[in-house]
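Student: A structural model of the following input is requested.
(one chain, ligands or ions: 1)
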Amino acid sequence: MNATINLENKHFPVLLKELISIISPLYGGTFIDCTFGQGGYSEKILESKENNIIALDRDKDVLSNTSKFYKKYNKRFEFYNLKFSQLDQIKFKKHKIKGIIFDLGFSLSQIKNSQKGLSFSDKGNLNMKMGINDFSANEVISNMDEKNLTKVFKVFGDEKYSKKIAREIVIKRKDKAIKTEDLVEIIDNVKKYQKTKIHNSTKVFQALRILVNKEISELINGLINSFNLIPVGGIIAVVSFHSIEDRIVKFFFKNYSEQKNSSRYLPELEVSKRCFKLLSKKPILPSLSEIRQNPPSRSAKLRYGIKTNDKCNFSEFREKFKNLINVEDLR
Ligand SMILES: C[S@@+](CC[C@H](N)C(=O)[O-])C[C@H]1O[C@@H](n2cnc3c(N)ncnc32)[C@H](O)[C@@H]1O
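Tutor: Below you'll find the predicted structure:
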């Protein structure tokens, strides 16, 4: 579950104070909010009159959140219903881009919208499309073969019972279309209603969501597009929520950081790998008081880097996560 959700059903942009303290030294220009959602980050950045926001979101339902922004901030705000892997499609006129921010995952209003079928508490057709998708979870569960279903649950959900769950799905779907509640029941039966800390269906639902929304290639392409877009001195900041996302973000910043082998006994890094200055190697985590106020924020991690060079080669980045992309392409 995403960290912008709290028990009182109130929207709390996660790590907002920390994000603002990182980007505020660069104030006086345009920031790209790649995951607009309910606009929590954008609104805070626009409070400073010298800032502009270009916002993106793949979900066209967030358009209803943008009208108050257009009204209040006028020309200082622009919104595009695009995925962040499509950042390179935007024509940036005379903007001086200072920073690009990502708050990954889904929002409170998305999980509350039962039509999207993101939650295992929903009833009805499986869906999980966040917006601008090629296929739904229903198509995956109805058509994907047992071997590939097993792989998806294992790789994207780290689900111990992947094989058994996949086999049961293939047997059950011969009789009837599998809806959200049926999938939950299949998983409960396979796991024999074990009582664990997390809901029995969490891992399988996470795996399906990653596949349907192609979250891995989105993130990799979004990060590379961001790098190509910002000038030297600009900042890229990413809040991630699950371990696969954080592995990708961590590699992106650390592997291409200037400090990677700072020892004088090691050979100098090639220019194409010295692309970021990192002010901290460790991620920034929510404070105890934020976690108390908004418990799901406990899994959030904020990482960021300042671009130091234009000539970066990301082929090693793509290669490193090729196995994950291959699983995304199974469908
Ligand atoms: C956690 S919410 C963002 C919340 C936002 N920071 C706020 O304060 O309201 C994530 C948003 O990112 C959007 N999103 C997820 N993946 C995306 C992608 N690949 N491209 C564009 N938007 C995406 C989702 O539709 C969702 O609205």
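
Student: from here on, contacts and neighbour counts on C-alpha atoms
Tutor: Fine.

Student: Show the contacting residues for L278.
Tutor: Contacts for L278 (Cα atoms under 8 Å, 6 or more residues apart in numbering) come out as 253-254, 257-259, 304-306.

Student: Over to I53?
Tutor: Counting by Cα under 8 Å, 6+ apart, I53 has contacts 30-33, 42, 45-46, 76-78.

Student: Report the secondary structure state of it.
Tutor: strand (DSSP: H, G, I helix; E, B strand; the rest coil).

Student: pLDDT averaged over the one helix or strand N221 maps to - what is it?
Tutor: In this assignment (DSSP states H and E), N221 forms part of helix 215-229. Averaged across helix 215-229, pLDDT comes to 97.

Student: What is the lowest-pLDDT residue among the contacts of L278?
Tutor: Q259 (70).

Student: how many other residues sit next to S85?
Tutor: 20 (other Cα atoms under 10 Å).

Student: so when I look at it, I'm seeing a helix, right?
Tutor: Yes. Assessed with three-state DSSP, S85 lies in a helix.

Student: And it, how far from T308?
Tutor: Distance, S85 to T308, using Cα to Cα, to the nearest Å: 22 Å.

Student: now swap in G28 and tell me
Tutor: Counting by Cα to Cα, the gap from G28 to T308 is 19 Å.

Student: So for the two, which sits in the more crowded spot?
Tutor: T308 (19 against 15).

Student: Without its sequence neighbours, what residue ends up closest to D188?
Tutor: N200 (6.3 Å; Cα to Cα, 6 or more residues apart in numbering).

Student: The one you found: neighbour count?
Tutor: 22.

Student: do the same with the one 4 residues further on
Tutor: When neighbours are defined as other Cα under 10 Å, V204 has 26 of them.

Student: how about low-confidence regions in this protein?
Tutor: Along the chain, segments meeting pLDDT under 70 span 1-10, 94, 193-195, 260-269, 271-272.

Student: out of the contacts of I53, which one sits closest to E146?
Tutor: D33 (38.7 Å; Cα to Cα).

Student: ok, back up a step: report the inter-axis angle for whatever helix or strand comes next after the helix holding N221 versus helix 215-229.
Tutor: Next along the chain after helix 215-229, taking DSSP H and E as the criterion, comes strand 235-240. On the basis of axes from the mean of the first three to the mean of the last three Cα atoms, to 10 degrees, strand 235-240 is oriented at 170 degrees to helix 215-229.

Student: before we move on, back to that, extract the C-alpha set from the helix holding N221 and format it as PDB.
Tutor: C-alpha atoms of helix 215-229 as PDB (Å, rounded to 0.1, in the frame of the first residue of the first chain):
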ATOM      1  CA  GLU A 215       6.400  -0.200 -13.500                       C
ATOM      2  CA  ILE A 216       9.900  -1.400 -14.000                       C
ATOM      3  CA  SER A 217      10.400  -0.100 -17.600                       C
ATOM      4  CA  GLU A 218       8.500   3.100 -16.600                       C
ATOM      5  CA  LEU A 219      10.900   3.800 -13.800                       C
ATOM      6  CA  ILE A 220      14.000   3.100 -15.800                       C
ATOM      7  CA  ASN A 221      12.900   5.100 -18.800                       C
ATOM      8  CA  GLY A 222      11.500   7.900 -16.600                       C
ATOM      9  CA  LEU A 223      14.900   8.300 -14.800                       C
ATOM     10  CA  ILE A 224      16.900   8.300 -18.000                       C
ATOM     11  CA  ASN A 225      14.500  10.800 -19.600                       C
ATOM     12  CA  SER A 226      14.800  13.000 -16.500                       C
ATOM     13  CA  PHE A 227      18.600  12.900 -16.700                       C
ATOM     14  CA  ASN A 228      18.500  13.900 -20.400                       C
ATOM     15  CA  LEU A 229      16.100  16.800 -19.700                       C
END
